[in-house]
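Asks: prediction below, plus the sequence it came from.
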Amino acid sequence: MTHYTYHTQLVCSKTIDFDIEDGKLHNVHFLGGCPGNLLAIGKLVEGKDAKEIADKLRGNDCAGKGTSCGDQLARAIDGALK
């Protein structure tokens, strides 16, 4: 299992920590942001295919920022999979 930390930009959360093992996401945790929503994202993506989750979340926008916490997670996953 490989651990990653991603420093977000333009969103309320500050960092995203997560693990990838055999292409699956584990232990997704956001620091800061909307606690209920971000805890829910972590639970929903647990054990799911990382690339599939990135494809679903990529491009989601929050309040016209051009990104969102979900989009930032997609960017983090994209970086981790390269």
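Replies: Nice, I can see it.
Asks: what packs against the strand or helix carrying N27?
Replies: Secondary structure assignment for N27, by DSSP states H and E: strand 24-32. Packing partners of strand 24-32 (3 or more CB pairs under 8 Å, 6 or more residues apart in numbering; DSSP states H and E): strand 13-21, helix 35-45, helix 50-57, helix 69-81. Bear in mind the C-beta positions are built from the backbone N, C-alpha and C, glycine included.
Asks: got the contact list for that strand?
Replies: Strand 24-32 is contacted by residues 1, 12-20, 38, 41-42, 45-50, 53, 69, 73, 77 when judged by CB atoms under 8 Å, 6 or more residues apart in numbering.
Asks: about what we covered before: in CSV, list the helices and strands packed on strand 24-32 along with mean pLDDT and mean neighbour count.
Replies: Formatted as CSV, the helices and strands packed on strand 24-32 follow (pLDDT from 0 to 100; neighbours: other CB atoms under 10 Å):
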stretch, mean pLDDT, mean neighbour count
strand 13-21, 98, 18
helix 35-45, 96, 15
helix 50-57, 98, 18
helix 69-81, 98, 20
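Asks: what would those look like in a markdown table with distance to A63?
Replies: Below are those laid out as a markdown table (distance: least, CB to CB, whole Å):
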| stretch | distance to A63 |
| --- | --- |
| strand 13-21 | 14 |
| helix 35-45 | 13 |
| helix 50-57 | 16 |
| helix 69-81 | 11 |
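Asks: nearest to Y6, out of the ones you listed?
Replies: Closest to Y6 of these is helix 69-81 (CB to CB; 3.4 Å).
Asks: now for that closest one, which elements pack on it?
Replies: Using 3+ CB pairs under 8 Å, 6+ apart: helix 69-81 touches strand 2-7, strand 13-21, strand 24-32, helix 35-45, helix 50-57.
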